[in-house]
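Colleague: Return a 3D structure for these sequence lines:
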Amino acid sequence: SGDWIVSDSEVIATGFAGIDAGENGEWLIEDTVVRRADSDGIDARSTFDDWTIRNVSVQDSITSVDASDSDGNWVIEHSSLHDGIDTENSNGDWEIRQSLIRAHSFDVPISAVNTLGEWRIGQSIIDEKSDDGTVLDAEDAVAEGRATDNWWGTPAGPDEKACVGNVDCSNPLTTRPSDVGYNPNGQDGSSTQLQVDVDASDLPGDGTESNPYEISNASELQAMEDDLDANYTLVSDIDASNTAQFNDGRGFDPVGEFGDQFTGSFEGNNHTVTRLTIDRPTESDVGLFGETDSGATLSNVTLANVTVTGNRRVGGLVGSNGGTIQNATASGSVAGTNAFGGVGGLAGRNGGNITDAIASGSVDGVVFVGGLVGNNNGELQNVTASGKVTGDESVGGLVGDNFGTITDASVSGDVTGESDVGGVVGRNFANITDA
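Modeller: Reported below is the predicted structural model:
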């Protein structure tokens, strides 16, 4: 009993519930991650008083929040409930807003069966279904629930099976909202937490082509290094500014490396990763992805305002690309320290295929330095580079050293070097068309 607060915490459950709210007293949970409960991430069953959950992520539980049989009024906002919420037989008024609600373990994302009070869910993402198609079950709810102005996974809104019982699910959002849920790395600006250790197997999805792992924050982005053969997809924009403090200040750890390349797929869904930081001046194959194999695909993603430093084969998106890159953009600052570098705004070295790509910002290196690609042995098509490129030898606005093919390219900006310097390519041994 008594009032209490949990704030700026990471709770790894060792038993039935991650946080047991008890029955009496008002309480607040904010800026907190709750994981791996045997049953309820947050157990608010039979509570009598009012409570608030704000900026909280609950996952790897049977139910993220169990508020069944509760009597108080409550609010959940800016939170990510990966395993659903149960409000069955609750009597108080309640509201969920700007939250992500899914049901990886619970029967349905939202159960509001036999509720007595007034309730509303708005400006939220509810994009998973139960086996029978139910998303929100309000059977026998006394007051009509309002679940308007939400994203249901498609611009068409919920289908006829999604909302059951006494609930209004009209006026669906036609585009997926971005300022929804809670990112433990602080992309909503509310958290001081830095890196949370996430296993790829704990992500939503199963990593297959038909059901890729879903990524919504920087810690989940880092989890890709746990399974280099899997398929991944971004489900929101990511503010990765706190990656500057990842791994004892060395920043984000590139996904894949020489001898252990990334071979899966990464679908950005046209989302943006902002302010990614990597500071590894003694390491090679440095970028969001360190090295990709011929079977890897990276597509439909923007990296904005990156700060990436490595030794050789350094790029904003990938250090050494052996696979396929489609519709990718990178901007910011990329630097390589090695005299036999390979430094590019998008890729340090390319031995695969890059199409519909843009790089801008500053690129600094020694040898094989390019605005888009440092060393190209593959194919580039419909590519653009702009900004400032600086190096000593084999320095180009688009490519530093080219042994591959370049088709339909445009370049602008300043290029500075000492030998083999060119507006498009510093040193060329192959075919360039329409550039």
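
Colleague: What residues of the host helix or strand of S386 count as buried?
Modeller: Following DSSP states H and E, one finds S386 within strand 379-390. Within strand 379-390, the residues that count as buried by 16 or more other CB atoms under 10 Å are 379-381, 383-390. C-beta: built from backbone N, CA, C; applies to glycine.

Colleague: just stretch 16-24 next, same as before
Modeller: 17-19, 21-22.

Colleague: Verify the stated contact: T115 with D86.
Modeller: No: T115 sits out of contact with D86 when judged by CB atoms under 8 Å, with a separation of 10.7 Å.

Colleague: Which residue of these two possesses the greater neighbour count?
Modeller: For T115 versus D86, neighbours defined as other CB atoms under 10 Å are more numerous around T115 (29 against 25).

Colleague: Excluding chain neighbours, give the residue nearest to that one in space.
Modeller: Spatially, and ignoring its direct neighbours in sequence, T115 is nearest to A141 (4.7 Å; CB to CB, 6 or more residues apart in numbering).

Colleague: The one you found: what secondary structure?
Modeller: For A141, the secondary-structure state derived from DSSP: H, G, I helix; E, B strand; the rest coil is coil.

Colleague: contacting residues around it?
Modeller: Contact partners of A141, counting by CB atoms under 8 Å, 6 or more residues apart in numbering, are 112-115, 119, 165-167.

Colleague: Just the buried ones out of these, please.
Modeller: Applying a neighbour-count criterion of 16+ other CB under 10 Å, the buried members of the contacts of A141 are 112-115, 119, 165, 167.

Colleague: Which of these fall in strands?
Modeller: Among the buried ones among the contacts of A141, DSSP state E puts 119, 165, 167 in strands.

Colleague: for the contacts of A141, which one is nearest D50?
Modeller: Compare each of the contacts of A141 with D50 using CB to CB and the shortest gap goes to W119, at 14.1 Å.

Colleague: who does the closest one bridge with?
Modeller: W94 (DSSP bridges).

Colleague: Report the contact partners of it.
Modeller: Taking CB under 8 Å, 6+ apart as the definition, contacts of W119 comprise 87, 93-95, 112, 141, 143, 145-146.

Colleague: What is the most widely separated pair among those residues?
Modeller: Checked with CB to CB, the contacts of W119 reach their widest spread between E95 and A141, with 14.6 Å between them.

Colleague: Who is H271 paired with across the strands?
Modeller: Where H271 sits in a bridge, its partners, by DSSP bridges, are V301.

Colleague: Hmm, I typed the wrong one, I wanted N402.
Modeller: Taking DSSP bridges as the rule, N402 bridges to N376, N428.

Colleague: so it makes contact with V425?
Modeller: Yes: with contact defined as CB under 8 Å, N402 reaches V425; the gap is 4.8 Å.

Colleague: Please enumerate the shared neighbours of those two.
Modeller: Overlap of the contact sets of N402 and V425 (by CB under 8 Å, 6+ apart) consists of 396, 432.

Colleague: Please enumerate the strands of the stretch 101-250 of the chain.
Modeller: In chain order, the stretch 101-250 of the chain shows strands spanning 110-111, 119-122, 136-138, 145-146, 163-165, 167-168, 213-215, 231-234, 238-239, with DSSP state E, counting those that start in this stretch as the criterion.

Colleague: What strands flank the third one, and is each parallel or antiparallel?
Modeller: Using DSSP bridges, strand 136-138 pairs in its sheet with strand 110-111 (parallel), strand 163-165 (parallel).

Colleague: And the average pLDDT for the last one is what?
Modeller: This points to strand 163-165. Predicted confidence along strand 163-165 averages 95 (mean pLDDT).

Colleague: Any regions of the stretch 101-250 of the chain where pLDDT drops low?
Modeller: Across the stretch 101-250 of the chain, residues meeting the criterion (pLDDT under 70) sit at 104-106, 128-130, 178, 183-195.

Colleague: closest to S333 among the ones in strands among the buried ones among the contacts of A141?
Modeller: Sorting these by distance to S333 puts W119 at the head of the list, at 48.0 Å, by CB to CB.
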